[in-house]
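S.K.: Predicted coordinates and the sequence they were generated for:
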Amino acid sequence: MKKILLILIIFLTTKSFAQTEMDGLLMEKNLFCVGATYGKTNWKNYWEGTLKRDNQNLGKVSSSNIMINGNYGITSKLNAIFTLPYIKTKASAGQLAGQKGIQDFSLYLKWVGYTKQFKKSILKGILVGGASVPLTKYTPDILPLSIGLQSKTASIRAMVDFQQSNWFGTASGTYIYRGNVKLDRNTYYTTELHYSNMVQMPNATNINIRGGYRSETWIIEAIANKWITNGGFDISKNNVPFVSNKMDATTLGLHIKYETNFVDGLSFVADGMKTVSGRNVGQTSGFIVGAFYIMDFTKKKKTSSTEPKK
Amino acid sequence: MKKIFLYISIFTAITTLNACKKSIVEENERYQLLNPTRPDANAGTWRPILLTTANEFACPTPIATTSPDYVLQLNEIKSFQNDITPEKRKLVNYWGAGAVLRWNEIMRELVAKHNVPPYQNADGTYPIPSANNPLAYPTFPFSNPPYAARAYAYLSAAQYDACIAAYFYKNQYNRNAPFNVDGNIQTLLPKSTLPSFPSEDAVVMGVSAELLKLLFPGDQDYINQKAEEHKRARLIAGANVRSDLDAGEALGKLVATKFIARARNDRAGAAVGTPAIWAALEANTAATGEIPWISQESPKRPGMLPLFGRVRTFLFDSLTMVTSIRPSAPPSTSSPQFATELAEVLNYSKNITREQLRIAHFWADGINTYTPPGHWNYIAATDFVQQNFSEARWARNMALLNMSLMDAAIACWDAKYFYFNPRPSQINNDIKTVTGLPNFPAYISGHSTFSAAAATVLGYVIPANATSYNAMAKEASESRLCGAIHFRSDCEKGLETGNKVGSYAVTRGRTDGAE
């Protein structure tokens, strides 16, 4: 059940919404978009393996996070993106203590490797390389209340983005390498007993499909996100969750971004999401709100990031 | 543009490199081969635990090494050795680390596997695992710490008696090992100087498999498979002929019958109690004016094995337990001391440091683990490997350790249900814990009792490590305070009680003939 949280926190909440590595947008050269978001998610039911259940000894498990996001245009075709979340967790019932702290720093390089302009539309091929590293020694071994999995990751994402007038669709897939995780104990049980403090982490795959309306002022998009752990094991009946469980989740969401006309470069975002199916994760629903500001490091005039270029 | 390709290539390279580093070598794969410093050839004269004499069970005279049947058995080894594949080598090395060691490890594995509390029924009651229907949910057993402590004790005590019997007959029949009879037999393991009939490995295997089947009846297939592997390893290694193994296994099974008979009558089967008994425990404590323990689980779960304190001990009798071992009453729930201790726990709950969290998790040994007794078995096993003990001495030391852990469990459970004292978080709801809250009364701490008993016994077995064992026990004890699930009195009295229990095992060790 703990994992559930994690998933929620780490991937779905933070990475599939807002100004992220998962969308088909880039900043122009020398522009730096920085923002902060507040997100809250919770779940009452979770999947123990494939069995959906609740747990009266956890009640409602919630996680709130504040995240600093940045996106810098190295060139108009190459952006660097980072995220830095602070997370706090809580269970409404039972005795298990909620956890809090700074989680993992993520850095991505997003590169438009292919652009094809049609009469009224544009097609882009994008690659995103990413890496994340835990910034604090939070424990991944108090799931579902851990704030993260303590795994270093590296990922590569391939993305196609198509826009015709103000309508667009984006599809991407990523492969995430997840490094081994160190526990505070020297044995642990998966499907057998292991005599080590190191846990071999299964890698993961993520598919993200999104589409909707995009203009200089508004982005309104629907998002479908699927997280698949390539391996791992199920939580057995009434057992506790473990860091290397097979955590899968399919999440649907809505993302809205509004670029203000009263302060140049200021925008607001709002997201809502719900997990519709999963395995060894909580059935999360949640929201994010945030504000972003674009700073120009050239003497030139600011340009919106949301406008299709060329 | 080119830069980008460079970035991506670097990224890909790092990813690929990292991927290679994922495999983990586990500690129990590093154990060296057993090569005893002292063979302990006189172990047949050591004092057994349940056997009346070392030769209580007969072991028929072996066939002569000159007989045609023996030659056939030598040829069997040769056929195994005809093609020594890496798989065969791996098997030999795994079992070559020691029979007592590996069977102890197998039990730890089964304990961890089954250490998961049953899920509630629809009406909010809880189902009780049944040994007669072990594979139906809830599967049998729920190997919680008392169950586990008892299981390790029966296994180790039985292994010890089985070794005494085997060593007795080794001495009596004095049959040569196959590699001494036939120079063409290779030896893939250090050559034992002991007579090879009956095999000490097979006697340990035979007795262990029988006890494991009793204690983990749903895992018989796995247990049988391990037993077959063990015999095969000994043949491939050229350490035993088939008749050495068959005789050892048969003798082990006979010794097991004594322990199985004891286990069936040691009152553990009734330890779950009944709803009437559960209600009486609460009422008795309430009648004294103290706040009784109440389950903090939802739905409320009956306390774990309330009558485990009445299980038959190995090292002392039940009168001794009540008169000499049972700790004095905990601070009254209305006393200033109780309030002070409660405040201390609340403080840990609010202000735990990262190091204290590490300690709490290192010693937690909660759900789906081999339990605190298992943790001490692991500590013992890892250190015993370095000591180059004979199989008989391994068995003897493990028996002393595990009898003390079982009796520690009994003494601890006796105190828990005699005083029926609440957990800190029952009194103050603001106390949150960083590890699972055990579903039984607080006084005295099980971890503290187990750890002190184990440290006392291990410090006797390896005096050079005594200081570090005591420090470990103290840390294990305090981990429960850091974790906000125990009062200081629970921990301190637990250590005291554990030390007392451990000293009974030491006394036994001093007079068992092995010193």
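M.R.: That came through, no problem.

S.K.: so where's the chain shaky on pLDDT?
M.R.: In the absence of a named chain, chain A is used. Within chain A, the ranges that satisfy pLDDT under 70 run A:1-19, A:299-310.

S.K.: wrong chain, I was asking about chain B
M.R.: B:1-21.

S.K.: If we use 50, what do you get?
M.R.: Along chain B, the parts satisfying pLDDT under 50 run over B:20.

S.K.: Can you name the residues of the stretch 51-200 of chain B that neighbour chain A?
M.R.: B:108-109, B:112-113, B:116-119, B:137 (CB under 8 Å from any CB of the partner chain). The C-beta positions use only the backbone N, C-alpha and C, and glycine is treated the same way.

S.K.: same thing but 10 Å
M.R.: B:105-106, B:108-113, B:115-120, B:124, B:137-139 (CB under 10 Å from any CB of the partner chain).

S.K.: Single out the residue in the stretch 101-250 of chain B that lies closest to chain A.
M.R.: B:Y119 (4.0 Å; CB to the nearest CB).

S.K.: now that residue, what's its secondary structure?
M.R.: coil (DSSP: H, G, I helix; E, B strand; the rest coil).

S.K.: Quick check, it in contact with A:R53.
M.R.: Yes: assessed by CB atoms under 10 Å, B:Y119 is found in contact with A:R53 at 8.5 Å.

S.K.: Mind listing the shared neighbours of those two?
M.R.: A:237-238 (CB atoms under 10 Å, 6 or more residues apart in numbering or on different chains).

S.K.: Now whichever residue of the stretch 201-310 of chain A sits closest to chain B: closest residue in space, sequence neighbours ignored.
M.R.: Nearest residue of the stretch 201-310 of chain A to chain B (CB to the nearest CB) works out as A:N238 at 4.0 Å. Nearest residue to A:N238, sequence neighbours excluded (CB to CB, 6 or more residues apart in numbering or on different chains): B:Y119, at 4.0 Å.

S.K.: and the stretch 351-500 of chain B, which of its residues are near chain A?
M.R.: Contact residues, the stretch 351-500 of chain B versus chain A (CB under 10 Å from any CB): B:352, B:354-355, B:357-370, B:374-375, B:378-379, B:381-382, B:423-426, B:429, B:431-437, B:483-485.

S.K.: which among these end up buried?
M.R.: B:352, B:357-370, B:374-375, B:378-379, B:381-382, B:423-426, B:431-437, B:483-485 (16 or more other CB atoms under 10 Å in any protein chain shown).

S.K.: residues near the residue of the stretch 101-250 of chain B closest to chain A, how many?
M.R.: 15 (other CB atoms under 10 Å in any protein chain shown).

S.K.: repeat for the one 5 residues further on
M.R.: A total of 11 residues lie near B:G124 under the criterion other CB under 10 Å.

S.K.: Test my guess that it contacts B:P302.
M.R.: No: taking CB under 10 Å as the definition, B:G124 is not a contact partner of B:P302, at 11.6 Å.

S.K.: hey, where'd the strands end up in the stretch 151-300 of chain A?
M.R.: Counting by DSSP state E, counting those that start in this stretch, the stretch 151-300 of chain A has strands at residues A:153-164, A:167-178, A:181-182, A:188-189, A:193-194, A:198-199, A:203-214, A:218-230, A:248-259, A:266-279, A:285-296.

S.K.: For chain A, give me its nearest residue in the stretch 401-515 of chain B.
M.R.: B:K432 (3.6 Å).

S.K.: Let me know the secondary structure of A:L25.
M.R.: Judged by three-state DSSP, the three-state class of A:L25 is coil.

S.K.: and it, how far is that from chain B?
M.R.: Going from A:L25 to chain B by CB to the nearest CB, to the nearest Å gives 18 Å.
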